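Chemist: here's my sequence, what's the structure:
(2 chains)
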Amino acid sequence: MQVLVADDDRIAATVLAQTLRQWEFDVTVVSDGAEALRYLLAQGAATPAVPTMAILDWMMPHVEGAEVCRRVRLEMPLANMYLVLLTSLETKGHIIAGLDSGADDYLVKPFDPDELRARINVGMRVLSLQERLADRVKELQDAMANVKVLHGLLPICSYCKRIRGDDQYWTQVESYIAERSDAQFSHGICPPCATELEREIEAHRNSRSGGN
Amino acid sequence: MAAGDDARAIFDRAAFERQTGGDESLRTEIIQMFLEDCPVRVGEIRAAVVSGDAAALVSSAHALKGSAAYLSASIVRGCAADLERMGREKDLAGAPARLDALHAAVADLAAELKKVHGQ
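Modeler: A predicted model of the protein is given here:
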């Protein structure tokens, strides 16, 4: 998984990035908030459904970490991004303000490796859940599109019951429905039609024997 | 405080090794970075204290506090945290004394790190 590390302190950035690489994450490091924001907005625009995790310092040049969170949430409310603030600011006020800005989690420097790993696992669980939900929504939207076609106004021949499609061709009702839904048809004869058919055959037989 | 506690407060080697996940080359890299960056950071802090620039003191002391935390250097971290707080409170009366303490702590830390780094 892609993880963005944003910290203007090269020691903090190096320890964090190297720890994440040991855990086999694909790490990108930037050294200020403006760069972090550019990266996340570009990532969200190019591949909004792909899960992205970002671990951001708070006090950074140009744009602070909390502001990065606020802008990402404002500009891409549906992007699948898990944002963690990792900072030396440890007052309750900062923690509340950080989470209110749109961060999903808040950690105080220096990170404890075991705790960081556990919190990243939480983030990955949330991202994967969100990804699966997005997939289900897409499936449902596709299904809804098909149902809508079947709910529209259908021109049907009163005699042969063929339906005229958008392509202006007349199609048998079974083919038309089968193409636009998961329904399949098994052919048979209903009792009233069977009675009618028997009557027709009998009449035909009688007319032939009367003719001889 | 026992002698061992004193040494650990300057530089807690076991904590530093845990922080860096047993990665020897990462440890060497971090120590080198710190030895390069520390004089610059302390210089920025001194300039901020001398000129009475509270905002500059906050950012420079905050930066050193963060680096020292990853080095498991609690005395340096504590001095930097005090200076950052003084800057935030815009009360630099105690800053020169704290700056002196920071100088001494940084010198002790650098000596410890050079010992480890030289091994």
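
Chemist: which helices and strands does the top strand by length along chain A pack with?
Modeler: Counting by DSSP state E, the longest strand found in chain A is strand A:81-87. Other helices and strands packing on strand A:81-87, by 3 or more C-beta pairs under 8 Å, 6 or more residues apart in numbering or on different chains; DSSP states H and E, are helix A:33-46, strand A:52-56, helix A:65-75, helix A:92-100, strand A:105-108, helix A:113-151. Placement of C-beta: from N, CA and C, glycine included.

Chemist: is any part of the shortest one close to chain B?
Modeler: No - using C-beta under 8 Å from any C-beta of the partner chain, strand A:105-108 stays clear of chain B, with a minimum separation of 9.0 Å.

Chemist: which non-adjacent residue is nearest A:K109?
Modeler: Excluding the flanking residues, the one nearest A:K109 by C-beta to C-beta, 6 or more residues apart in numbering or on different chains is A:S88, at 4.6 Å.

Chemist: using the record's assignment, carve chain A into domains.
Modeler: A:2-140, A:163-211 (automatic domain parsing).

Chemist: and these, which is most packed in?
Modeler: domain A:2-140 (a mean of 18; mean count of other C-beta atoms under 10 Å in any protein chain shown).

Chemist: give the rounded mean pLDDT of it.
Modeler: For domain A:2-140, mean pLDDT rounds to 93.

Chemist: cool, stretch B:70-77 as well?
Modeler: On average, stretch B:70-77 scores 94.

Chemist: and the end-to-end length of it?
Modeler: 10 Å (C-alpha to C-alpha, to the nearest Å).

Chemist: geometric centre of chain B: which residue is closest?
Modeler: Centroid check for chain B by C-alpha atoms, centre = their mean gives B:V76 as the closest residue, at 3.5 Å.

Chemist: helix/strand/coil for that one?
Modeler: Following DSSP: H, G, I helix; E, B strand; the rest coil, we place B:V76 in the helix state.

Chemist: that one against B:H103, yeah?
Modeler: No - checked against C-beta atoms under 8 Å, the pair B:V76 and B:H103 is beyond contact range at 10.2 Å.

Chemist: what's around the nearest residue to the residue nearest to the centre of chain B once chain neighbours are set aside, how many residues?
Modeler: Nearest non-adjacent residue to B:V76, counting by C-beta to C-beta, 6+ apart: B:A68, 4.2 Å away. Around B:A68 there are 29 other residues, counting by other C-beta atoms under 10 Å in any protein chain shown.

Chemist: which helix or which strand is home to B:A68?
Modeler: helix B:54-70 (DSSP states H and E).

Chemist: what comes up buried for that helix?
Modeler: B:54, B:56-70 (16 or more other C-beta atoms under 10 Å in any protein chain shown).

Chemist: ok so, going back, CA atoms only: put the longest strand of chain A into CSV for me.
Modeler: Taking Å, rounded to 0.1, in the frame of the first residue of the first chain, the C-alpha atoms of strand A:81-87 are listed here in CSV:
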residue,chain,number,x,y,z
MET,A,81,-7.8,8.4,2.4
TYR,A,82,-6.7,7.7,5.9
LEU,A,83,-4.9,10.6,7.4
VAL,A,84,-2.8,10.4,10.6
LEU,A,85,-1.2,13.4,12.4
LEU,A,86,2.1,12.5,14.0
THR,A,87,3.4,15.5,16.0
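
Chemist: quick check: residues of chain A near chain B?
Modeler: A:8-12, A:14-15, A:18-19, A:22, A:57, A:59, A:88, A:109-110, A:113.

Chemist: the same query, at a cut-off of 6 Å, please.
Modeler: A:9-12, A:15, A:18-19, A:22, A:59, A:88, A:109-110, A:113 (C-beta under 6 Å from any C-beta of the partner chain).

Chemist: mind putting those residues into TSV with secondary structure?
Modeler: As requested, these are exported to TSV (three-state DSSP):
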residue	secondary structure
A:D9	coil
A:R10	helix
A:I11	helix
A:A12	helix
A:V15	helix
A:Q18	helix
A:T19	helix
A:Q22	helix
A:M59	coil
A:S88	coil
A:K109	coil
A:P110	coil
A:P113	helix
